[in-house]
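*Asks:* Fold the following, please.
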Amino acid sequence: MSRVGKYPVALPQGVTVEIKNRTVAVKGKLGTLDLVIPSEIDVKVDGGKVAVSMKHDTPRARVLWGTTRNNIKNMVQGVSEGFKKVLEIEGVGFKAAMQGKNLVLQIGFSHDVHFTPPAGITIKAEKPTQLSITGFDRQKVGQVAAEIRGMKKPEPYKGKGIKYQGEKIRRKEGKKK
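*Replies:* Predicted structure coming up:
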């Protein structure tokens, strides 16, 4: 039984939730997000709170109950506050810069790597070795951060590459003579 699903999601000031035809639309100051609700789950808005419940107690409904509640919570948090991921670039000569809306990375290849962020995502090169990815859709922010990190993952011998802020890289010992 889900322990998360039974708690209602509180709606902050300026956030509205509409339920139409198995779709929940959350609207706030940063944007609008939609979520299709599975047929086993029921969602209701009661006085500034969103309650998620199961229609029937089945194993699939139990699985989807807490997941749906957390997806709605993430949508509410996203349209009111937004999400942010910070990436750090380590390595001699490795750096990032913005050219208009495009991100240009110099990460040890013979050419510069260009990345165009999707709609709703903002990338800032706060320092040449630090990137800030912000947006109101948690899934998109995480996906963009993972794609940028995947261009040059941190390697275990020297630690060069792109990593999340606060990520610990397990270092390996090099060759011995």
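
*Asks:* Residue 146 in helix, strand or coil?
*Replies:* Counting by DSSP: H, G, I helix; E, B strand; the rest coil, the backbone at residue 146 sits in helix.

*Asks:* Return the distance of it relative to residue 27.
*Replies:* In this view, residue 146 and residue 27 are 27 Å apart by Cβ to Cβ, to the nearest Å. Every C-beta, even on glycine, is put in place using the N, C-alpha and C of the backbone.

*Asks:* So which of the two has more stuff around it?
*Replies:* Between residue 146 and residue 27, counted using other Cβ atoms under 10 Å, residue 27 has the larger neighbour count: 16 against 12.

*Asks:* what sits against residue 24?
*Replies:* Taking Cβ atoms under 8 Å, 6 or more residues apart in numbering, we find residue 24 in contact with 17-18, 34-35, 37, 43, 50, 72, 75.

*Asks:* So for the helix or strand that contains it, mean pLDDT?
*Replies:* Element membership of residue 24 [criterion: DSSP states H and E] is strand 23-27. Averaging pLDDT along strand 23-27 yields 94.

*Asks:* quick check, distance from that strand to the centre of its chain.
*Replies:* How far strand 23-27 lies from its chain's middle: 18 Å, per Cα atoms, centre = their mean, to the nearest Å.

*Asks:* helices and strands around whichever helix or strand comes after it, which ones?
*Replies:* Sequence-wise, the next helix or strand downstream of strand 23-27 (DSSP H and E) is strand 32-36. For strand 32-36, the packing partners by 3 or more Cβ pairs under 8 Å, 6 or more residues apart in numbering; DSSP states H and E come out as strand 23-27, helix 59-80.

*Asks:* Mind doing that once more with 6 Å?
*Replies:* Contacts defined by 3 or more Cβ pairs under 6 Å, 6 or more residues apart in numbering; DSSP states H and E place strand 32-36 against strand 23-27.

*Asks:* Walk me through which strands the strand it packs on pairs with, and which way each runs.
*Replies:* Its sheet considered, strand 23-27 pairs with strand 16-20 (antiparallel), strand 32-36 (antiparallel) by DSSP bridges.

*Asks:* Checking residue 157 next. Helix, strand or coil?
*Replies:* coil.

*Asks:* Report the beta-bridge partner residues of residue 84.
*Replies:* On the basis of DSSP bridges, residue 84 is bridged to residue 134.

*Asks:* isn't it right next to residue 135, touching?
*Replies:* No - in this structure, residue 84 is not within contact of residue 135 by Cβ atoms under 6 Å, at 8.3 Å.

*Asks:* which of the two has more neighbours?
*Replies:* Remark: of residue 84 and residue 135, residue 135 carries more neighbours, 24 against 14, as counted by other Cβ under 10 Å.
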